[in-house]
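A.B. asks: Starting from these lines, generate the structure:
(one chain, ligands or ions: 1)
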Amino acid sequence: MAAKIIDGKALAEQVRARVRAEVQELTAAGLQPGLAVILVGEDPASQVYVRNKERACADVGIRSLVHRLPAATSQEELLALIDRLNADPAVHGILVQVPLPPGLRADELQRAVDPDKDVDGFHPVNAGRLLLGQPGFVPCTPAGILELVKSTGTEIAGCEAVVVGRSATVGKPTATLLLAENATVTVCHSKTRNLPDVCRRGEILVVAVGRRELVKGDWIRPGAVVIDVGINRGEDKLYGDVEFASAREVAGFLTPVPGGVGPMTVAMLMVNTVKAARLAAIQGGRG
Ligand code: GUN
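C.D. replies: Here you go, the predicted structure:
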């Protein structure tokens, strides 16, 4: 039987509707959430992603300010900008779009962001909180992946979950979130032996490696929930990390590319920005 295609756009719209209502309430109380985005250089994919984030902010009522800076901007100038944004009470969330032009050090910039404004969840403090099961900011793509899995009604506790890819931004935090939901989690990478066999164990299979159509239908356990995080530009269209045509014959649920994980990443950024605004209100009240 053909897989049910998970509609990431529709789910993202549901999340955004909830966020929109919350933003209205906060704005009426004098606390309009604000997001600052730092975009350096001309990377075409980043331009598109940042435009999508701006549009999403406008859609839900979050005030967004994009700092578009030339590729020649220095590390010191960026650190000074982040300092200013950290101190600005109208800015609740700060995001440094990656990749950055050569010569700039993303990890140092991410560390400079106040962890309580780190809506990307990339700061080591938030990575540590996630690992320890403490409250903090969860990276947007993994948070969106979890919502997509939950939307299928799958009972995650006790499930065999397989995550292909161990990046700090997607693979590792996704594995941590699934573990926190009591799945039995296997993380695969370039040195994994017999990758197709390991993938076939997954009742939940998340693929985030950036290799066009790596995972074939016969790598998938029949009925599995398959989340395809890949965005690979082909000559004609975008391709996922999963071969869609063969996968849909085997999986129980499958995300499309585009229209699966991507819209949820942006929606979860809106969720994190509202959370940051609420956090600032609590801290302001305390201070
Ligand atoms: N580049 C691609 N995805 C992301 C993201 O979620 N956050 C940031 N900061 N940069 C990205």
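A.B. asks: Pull out the buried residues from the worst-scoring helix or strand of the chain on mean pLDDT.
C.D. replies: The least trusted helix or strand in the chain, going by mean pLDDT, DSSP states H and E, turns out to be helix 261-286, with a mean of 93. When neighbours are counted by 16 or more other CB atoms under 10 Å, the buried residues of helix 261-286 are found to be 261-277, 280-281. Quick note: C-beta positions are derived from backbone N, CA and C, even for glycine.
A.B. asks: how about the helices in the stretch 151-287 of the chain?
C.D. replies: For the stretch 151-287 of the chain, the helices defined by DSSP state H, counting those that start in this stretch cover 171-180, 195-199, 244-247, 261-286.
A.B. asks: Relative to Val98, which of these is closest?
C.D. replies: helix 261-286 (13.2 Å; CB to CB).
A.B. asks: Check which helices and strands the closest one sits against.
C.D. replies: The helices and strands touching helix 261-286, judged by 3 or more CB pairs under 8 Å, 6 or more residues apart in numbering; DSSP states H and E, are helix 8-28, strand 34-40, helix 44-60, strand 93-96, helix 140-151.
A.B. asks: Compute the inter-axis angle for it and strand 34-40.
C.D. replies: Helix 261-286 runs at 130 degrees relative to strand 34-40, counting by axes from the mean of the first three to the mean of the last three CA atoms, to 10 degrees.
A.B. asks: Distance from the chain centre to helix 261-286, please.
C.D. replies: The gap between the average C-alpha position of helix 261-286 and the chain average comes to 13 Å, counting by CA atoms, centre = their mean, to the nearest Å.
A.B. asks: Gln47: what's it in contact with?
C.D. replies: By CB atoms under 8 Å, 6 or more residues apart in numbering, the contact list for Gln47 reads Leu39.
A.B. asks: Where does whatever residue of the stretch 101-250 of the chain ends up closest to the ligand sit: helix, strand or coil?
C.D. replies: Nearest residue of the stretch 101-250 of the chain to the ligand (CB to the nearest ligand atom) works out as Asp120 at 4.7 Å. Reducing the assignment to helix, strand or coil with DSSP: H, G, I helix; E, B strand; the rest coil, the entry for Asp120 is coil.
A.B. asks: Contact partners for it?
C.D. replies: Contact criterion CB under 8 Å, 6+ apart gives 95-96, 110, 137, 139-140, 269, 272 as the residues in contact with Asp120.
A.B. asks: Can you name the residues that contact His189?
C.D. replies: Applying CB under 8 Å, 6+ apart, we find His189 in contact with 164-166, 171.
A.B. asks: Output those in JSON lines; the columns should cover pLDDT.
C.D. replies: Compiled in JSON lines, these are given as follows (pLDDT from 0 to 100):
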{"residue": "Val164", "pLDDT": "98"}
{"residue": "Gly165", "pLDDT": "98"}
{"residue": "Arg166", "pLDDT": "98"}
{"residue": "Gly171", "pLDDT": "98"}
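A.B. asks: most neighbours, which of the residues you listed?
C.D. replies: Within these, most neighbours by other CB atoms under 10 Å means Val164, with 27 neighbours.
A.B. asks: Flag every residue of the chain that's near the ligand.
C.D. replies: Residues of the chain found near the ligand (CB under 6 Å from any ligand atom) are 49, 95-98, 120, 140-141, 265.
A.B. asks: Buried by neighbour count, from those: which ones?
C.D. replies: Applying 16+ other CB under 10 Å to the residues of the chain next to the ligand flags 49, 95-98, 120, 140-141, 265 as buried.
A.B. asks: Isn't Met268 up against Phe137?
C.D. replies: No - in this structure Met268 lies outside contact range of Phe137 using CB atoms under 8 Å: 10.0 Å.
A.B. asks: Any figure for the gap between Ala208 and Pro256?
C.D. replies: Ala208 sits 15 Å away from Pro256, taking CB to CB, to the nearest Å as the criterion.
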